[in-house]
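Asks: Please find the sequence and the predicted model below.
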Amino acid sequence: IDKLDTVVQEAEDEIDGGQADALFLVILNPHRKSIDIIGINRNTMADIDIYDEQGNCVDTVRAQIAVQHGFGNGVEESCEYQKKAVENLFYQLPIHGYAAVNMSAIATINDAVGGVEVTVPADLDGFGEMFVEGEQVHLLGENAFWFVKYRDTDVFGSADLRLDRQKHYLKGFIEAAKQAVHKDASVVIDLYQAVKPQMVTDISLDEAAYLAPILADYSFGAEDFHMLPGETVMGEKFEEFYADEDAMFEMILDIFYEKVQ
């Protein structure tokens, strides 16, 4: 969520809940013992519900999916609204849990697993030799924060470029997290408690502690990270990403369904 507060706070009104600046749908498949992740462009045009101060839905508009989180109280209400928007985007797919973290939690999450190794996919202007295309970097603290967060809004398609960078980061993070859990399963409890002030989730600590050692043995490779297919165009004021319905449908079939012989 595009807030830097170190403690999640309830919004003062129903339009200041903060935008979901990065959206990822995580799929855990117990049949294949695998993890899949779908990166959703923050500018994906979707049906967004508008609510009044009493929580009544007063209108539905077509807008960037990231703004849905803002129409709520900034905590559980906003997360439920955002979850519904993603469910509808994926043809009413039921989503069983959510975790929303403020941007300020990036460094905390990163350092809890001992840092993350990434290969920089493209130069980041303004960071000197810190982030040069092709360089192998071990991210810690503020470096992780900027690698995950930074985008130049003056550059067309900057959200697409950042999402690609986040894809590389998440691959490295999952590998680091799996190694950390194999060494000490309690790292999940420490991470959960460290991030809790900056997080809103309906996944309990007990559930997270139960899942972590199981998921540490699930497979996850480059082919298991999927980008929502589509195209970014310039709207009247802001960029708009339109999902390729046919390609998206094929992706859903491939990830969520098993062929019957």
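Replies: Received the coordinates, thanks.
Asks: could you point out which element follows the lengthiest helix in the chain?
Replies: The longest helix of the chain (DSSP state H) is helix 158-183. On the C-terminal side of helix 158-183, the nearest following helix or strand under DSSP states H and E is helix 187-195.
Asks: and that next one, how far out from the chain's middle?
Replies: Mean-position distance between helix 187-195 and its chain equals 18 Å (Cα atoms, centre = their mean, to the nearest Å).
Asks: got a list of contacts for the very next helix or strand once past it?
Replies: Elements were assigned by DSSP H and E; along the chain past helix 187-195, the next helix or strand is strand 199-201. Surrounding strand 199-201, the residues in contact under the criterion Cβ atoms under 8 Å, 6 or more residues apart in numbering are V8, V75, E76, S78, C79, G97, Y98, A99, A100, V101, N102, A105. (Each C-beta comes from the backbone N, C-alpha and C, glycine too.)
Asks: again, only this time at 6 Å
Replies: Outside strand 199-201, the residues that touch it by Cβ atoms under 6 Å, 6 or more residues apart in numbering are V8, V75, C79, A99, A100, V101.
Asks: Contacts for stretch 225-242, please.
Replies: 37-41, 43-45, 157, 160, 167, 243-244, 247-248, 251.
Asks: Work out the gap between it and the centre of the chain.
Replies: Offset of stretch 225-242 from its chain centre (Cα atoms, centre = their mean): 16 Å.
Asks: In contact with V26, which residues?
Replies: Applying Cβ under 6 Å, 6+ apart, one finds that V26 lies in contact with I37.
Asks: The host helix or strand of it vs helix 158-183, what angle?
Replies: Under DSSP H and E, the secondary-structure element containing V26 is strand 23-29. If you take axes from the mean of the first three to the mean of the last three Cα atoms, to 10 degrees, strand 23-29 sits at 40 degrees to helix 158-183.
Asks: can you give me the strands for the stretch 51-200 of the chain?
Replies: Defined through DSSP state E, counting those that start in this stretch, the strands belonging to the stretch 51-200 of the chain, from first to last, are 57-64, 99-101, 116-119, 136-139, 199-201.
Asks: Please name the bridge partners of H138.
Replies: With DSSP bridges as the criterion, the beta-bridge partners of H138 are E117.
Asks: Tell me where the stretch 51-200 of the chain is predicted with low confidence.
Replies: Counting by pLDDT under 70, not a single residue of the stretch 51-200 of the chain qualifies.
Asks: picking that back up, list buried residues within the contacts of stretch 225-242.
Replies: If you count burial by 16 or more other Cβ atoms under 10 Å, the buried members of the contacts of stretch 225-242 come out as 37-41, 43-45, 157, 160, 167, 243, 248, 251.
Asks: Mind picking the one among those that's closest to Q92?
Replies: The shortest distance between Q92 and any of the buried ones among the contacts of stretch 225-242, using Cβ to Cβ, involves M248 and amounts to 14.0 Å.
Asks: Now do the same contact list for the closest one.
Replies: With contacts taken as Cβ under 6 Å, 6+ apart, M248 has the following neighbours: P229.
Asks: that older thread, only whichever of the contacts of strand 199-201 are buried, select them in PyMOL.
Replies: Here is the PyMOL command that selects only those of those that count as buried (16+ other Cβ under 10 Å):
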select buried, resi 8+79+100+101
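Asks: As JSON lines, the contacts of strand 199-201 with distance to V137 would be great.
Replies: What follows is the contacts of strand 199-201, written out as JSON lines (distance: Cβ to Cβ, whole Å):
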{"residue": "V8", "distance to V137": "29"}
{"residue": "V75", "distance to V137": "34"}
{"residue": "C79", "distance to V137": "32"}
{"residue": "A99", "distance to V137": "26"}
{"residue": "A100", "distance to V137": "27"}
{"residue": "V101", "distance to V137": "22"}
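Asks: For D49, state which of the contacts of strand 199-201 is nearest.
Replies: For these, the minimum distance to D49 (Cβ to Cβ) is 13.7 Å, reached by C79.
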